[in-house]
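Visitor: Below is the sequence, then the predicted model.
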Amino acid sequence: MISAVLNRLNTWIDKGLNVGKQLILMLLVVWALPVEANWLNDINRKVRSLGEQPVPVANPLTELELTDYPTQYHYERIMVPTHDTPLFVLQAGLEHQKTVILIHGLGDLASKDWLNVIPALAQQYHVVAIDLPGFGLSQGAVFTYSPKEYAKVIDWVIGQYRHSDGVHLVGHSMGGAISLYYANQYPGRIERLVLVDAAGILDRTAYIKHLSTRDNDQTDLPQGLRRVIARVDNFADKILEKTGTGLDPTRLFSGDSSLRNMTIGDKTNMNAALALMEQNFSVLNYQTMPATQLIWGALDTVAPLRTANALQHVLPLSQLQVINDAGHVPMKSHPHVFNQLLLTSLQGPVVSRLQPSNNVSQRVGHCFQDDKTHFSGQYKEIILNDCKLVRFNRVDTESLSMTDSILSMEKSRVGRAGQTLQITRSAINATDTEIHGRMYSQHSRFDFAGVTFYGESPMFVSQASTRLVLSLTRMITPTQSTRLGGSYVLAEQSLESAL
């Protein structure tokens, strides 16, 4: 094992890695290795085991391990052949034919997060709740705890435990992200998908910016002060966006599973969180997703509500239910409301949100130095000049011109075929929005989450110095559709040319 690590380090050195990175890697390896490891004995054991193929057996569950679980459910710990790892499985409502699989998020509680939910589900459904490998009562084998690997485990669970072909998959937080990935990789395997405060979906730069941004839409503050705060936040966003295109230390582990497993493999939450950060959910094919229900806490600071709105934009059959005063774990903070929403989500119809525009308005909207900050409804044209507090909510405008302004918009439609939108020295944060025609940018910045461009290529043209942070973004022309995610820096070029 140590020989393999040293050989890999030598390969990196031969390729010309600088001394600083070599030292970092060596320190990581030394820090992670057990002090009392006997490498000779380890090698001898592996040599003696050659040719042997013992059948892995999971340790039986003990009464102490099941202390916090109700006695009326069925429990077992079995080995998952896909990874030779132990898996804790809880089953309830065994008499029902329709199966609901519950996938938990990060944290030590694992399947215990669902204990307030299972009794309500078990009255109508066969319920299967698991502890993902590495969590709870499924600790054992160490591998990369990524959505890709966990999806293989979930597929095995569905094949092993489902009572009928109709299977519903419910995931919370990291489990929501894993469930979303599973639905993409295994189309047709589940009937309905329910995502509860799914985490890790947005681009990491967009998420970090969210954590650092304050709510400037506070009417009790003087407008002059809110303008100052908006400028400060805008400057902070500029700094944070530069990290999206700079050196990312986490990528040292991305291409080397042996280094990852040796340094952070047994640190389950870190392993899983890092693997989740590396997954680009923007490139998934959302057109093949099953009917999806989104249940979200409005006050969630871990997976902001913006994530749900962006997901609803790209999922063709989806509905969003928001619990206004709930945070990241609504099934524990608001169990009664959550259980009602979940049962409705598993049974009710899901309809398409796509609706054609019928904008015939001749209204022109103006903003100069924030004399008008909130826009909604239909417009022929909107012009923003030196406005730092502008918000669009359900705006439909055929034309937009911005200069020295900051705009936040959601659930909107901007532009039309053949129209050019000019953005100069400005910043746009857009969610669940359509952009039609062509957008020109000069010295401007964009944070798009759940945004679709429609038109002829090139659809986004930088005339000078433009930064973009993209999450769940698409560019659709008459001949092709491109899914985009990540951070981009453009000089005088189109976004398409940078791909």
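Guide: Nice, I can see it.

Visitor: thought residue 341 was touching residue 319?
Guide: No - here residue 341 lies out of contact with residue 319, judged by Cβ atoms under 8 Å, at a distance of 10.4 Å. Using the backbone N, CA and C atoms, a C-beta is placed for each residue, glycine as well.

Visitor: what's the helix or strand for residue 178?
Guide: helix 174-185 (DSSP states H and E).

Visitor: So what touches that helix?
Guide: For helix 174-185, contacts defined as Cβ atoms under 8 Å, 6 or more residues apart in numbering pick out 102-106, 132, 147-148, 150-151, 154-155, 169-171, 189-190, 193, 195-201, 272-273, 276, 279, 281, 284-286, 288-290, 292, 303, 311.

Visitor: 7 Å - rerun?
Guide: 103-106, 147, 150-151, 154, 169, 171, 190, 193, 195-201, 272, 276, 279, 281, 284-285, 288-290 (Cβ atoms under 7 Å, 6 or more residues apart in numbering).

Visitor: among these, which ones are buried?
Guide: Neighbour counting by 16 or more other Cβ atoms under 10 Å classes 103-106, 147, 150-151, 154, 169, 171, 190, 193, 195-201, 272, 276, 279, 281, 284, 289-290 among these as buried.

Visitor: where in the chain is pLDDT low?
Guide: By pLDDT under 70, the low-scoring segments of the chain are 1-56, 207, 209-221, 223-267, 354.

Visitor: same thing but at 50, please
Guide: 1-6, 8-53, 247, 249, 252-253, 259 (pLDDT under 50).

Visitor: Mind checking which residue lies nearest the centre of it?
Guide: residue 201 (1.2 Å; Cα atoms, centre = their mean).

Visitor: Would you confirm that that residue contacts residue 311?
Guide: Yes - using Cβ atoms under 7 Å, residue 201 makes contact with residue 311 at a distance of 6.5 Å.

Visitor: Which positions in the helix or strand containing residue 489 come out as buried?
Guide: Here residue 489, judged by DSSP H and E, is contained in strand 481-490. By 16+ other Cβ under 10 Å, the buried positions in strand 481-490 come out as 482, 483, 484, 485, 486, 487, 488, 490.

Visitor: Present those as JSON lines; the columns should include distance to residue 385.
Guide: Converted to JSON lines, these look like this (distance: Cβ to Cβ, whole Å):
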{"residue": "482", "distance to residue 385": "33"}
{"residue": "483", "distance to residue 385": "34"}
{"residue": "484", "distance to residue 385": "30"}
{"residue": "485", "distance to residue 385": "32"}
{"residue": "486", "distance to residue 385": "31"}
{"residue": "487", "distance to residue 385": "28"}
{"residue": "488", "distance to residue 385": "27"}
{"residue": "490", "distance to residue 385": "24"}
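
Visitor: hang on, the earlier thing: among the buried ones among the contacts of helix 174-185, which are located in strands?
Guide: Members of the buried ones among the contacts of helix 174-185 lying in strands (criterion: DSSP state E): 103, 169, 171, 193, 195, 196.

Visitor: In space, what's closest to the last one - neighbours in sequence excluded?
Guide: The one in question is residue 196. Leaving aside its sequence neighbours, residue 196 sits nearest to residue 172 (Cβ to Cβ, 6 or more residues apart in numbering; 4.2 Å).

Visitor: And residue 166, by the same measure?
Guide: In space, residue 166 is closest to residue 191, 4.7 Å off (Cβ to Cβ, 6+ apart).

Visitor: thought that neighbour was touching residue 169?
Guide: No - using Cβ under 7 Å, residue 191 makes no contact with residue 169, being 8.7 Å away.

Visitor: quick revisit: could you measure from the residue nearest to residue 196 over to residue 449?
Guide: 20 Å (Cβ to Cβ, to the nearest Å).

Visitor: ok, now residue 129?
Guide: Taking Cβ to Cβ, one finds residue 129 at 31 Å from residue 449.

Visitor: Name the residue in those two with the higher neighbour count.
Guide: Taking other Cβ atoms under 10 Å, residue 129 and residue 449 do not tie; residue 449 has more neighbours (31 against 26).

Visitor: Am I right that the more buried one is in a strand?
Guide: Yes - under DSSP: H, G, I helix; E, B strand; the rest coil, residue 449 sits within a strand.

Visitor: Correct me if wrong: it contacts residue 431.
Guide: Yes - Residue 449 is within contact range of residue 431, at 4.9 Å (criterion: Cβ under 7 Å).

Visitor: shared neighbours, those two?
Guide: 306, 310.

Visitor: check contacts around the nearest residue to residue 95 once chain neighbours are set aside.
Guide: Distances taken as Cβ to Cβ, 6+ apart put residue 126 closest to residue 95, at 7.7 Å, once the chain neighbours are dropped. Applying Cβ under 7 Å, 6+ apart, we find residue 126 in contact with 93, 94, 96, 97, 98, 99, 163.

Visitor: 6 Å instead?
Guide: When contacts are counted by Cβ atoms under 6 Å, 6 or more residues apart in numbering, residue 126 is found next to 93, 96, 99, 163.

Visitor: which of those residues lies closest to residue 363?
Guide: In terms of Cβ to Cβ, no member of the contacts of residue 126 lies closer to residue 363 than residue 99, at 52.3 Å.

Visitor: Specify the beta-bridge partners of that closest one.
Guide: Counting by DSSP bridges, residue 99 forms beta bridges with residue 126, residue 167.

Visitor: How many neighbouring residues does it have?
Guide: For residue 99, the neighbour count with other Cβ under 10 Å is 24.

Visitor: Please apply the same query to the one 3 residues further on.
Guide: Residues lying near residue 102 (other Cβ under 10 Å) number 25.

Visitor: picking up where we left off before, for the helix holding residue 178, list the C-alpha coordinates in CSV.
Guide: Taking C-alpha atoms only, helix 174-185 is exported to CSV below (Å, rounded to 0.1, in the frame of the first residue of the first chain):
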residue,chain,number,x,y,z
MET,A,174,-27.2,15.1,0.7
GLY,A,175,-29.6,12.2,0.3
GLY,A,176,-31.7,14.5,-2.0
ALA,A,177,-28.7,15.2,-4.2
ILE,A,178,-27.9,11.4,-4.3
SER,A,179,-31.5,10.6,-5.2
LEU,A,180,-31.5,13.2,-7.9
TYR,A,181,-28.3,11.7,-9.4
TYR,A,182,-29.9,8.2,-9.1
ALA,A,183,-33.0,9.2,-11.0
ASN,A,184,-30.8,10.5,-13.8
GLN,A,185,-28.5,7.5,-14.0
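
Visitor: what's the angle between it and strand 192-196?
Guide: 150 degrees (axes from the mean of the first three to the mean of the last three Cα atoms, to 10 degrees).

Visitor: Now stretch 318-332: buried residues?
Guide: For stretch 318-332, burial by neighbour count (16+ other Cβ under 10 Å) applies to 318-323, 326-332.

Visitor: And for stretch 62-69?
Guide: residue 69.

Visitor: end-to-end on that stretch?
Guide: 12 Å (Cα to Cα, to the nearest Å).

Visitor: what's it in contact with?
Guide: residue 137.

Visitor: quick one: it to chain centroid distance?
Guide: How far stretch 62-69 lies from its chain's middle: 33 Å, per Cα atoms, centre = their mean, to the nearest Å.

Visitor: Same check on stretch 474-485?
Guide: For stretch 474-485, the distance to the chain centre is 20 Å (Cα atoms, centre = their mean).

Visitor: Could you do stretch 299-318 as well?
Guide: 9 Å.

Visitor: Start and end of that stretch, how far apart?
Guide: OK, stretch 299-318 end separation, Cα to Cα: 21 Å.

Visitor: Which residues in it does the neighbour count mark as buried?
Guide: 299-300, 302-315, 317-318.

Visitor: Now, the residues you listed that are in helices?
Guide: Using DSSP state H, the members of the buried residues of stretch 299-318 that fall within helices are 305, 306, 307, 308, 309, 310, 311, 312, 313, 314.

Visitor: Fine by me, we can end here.
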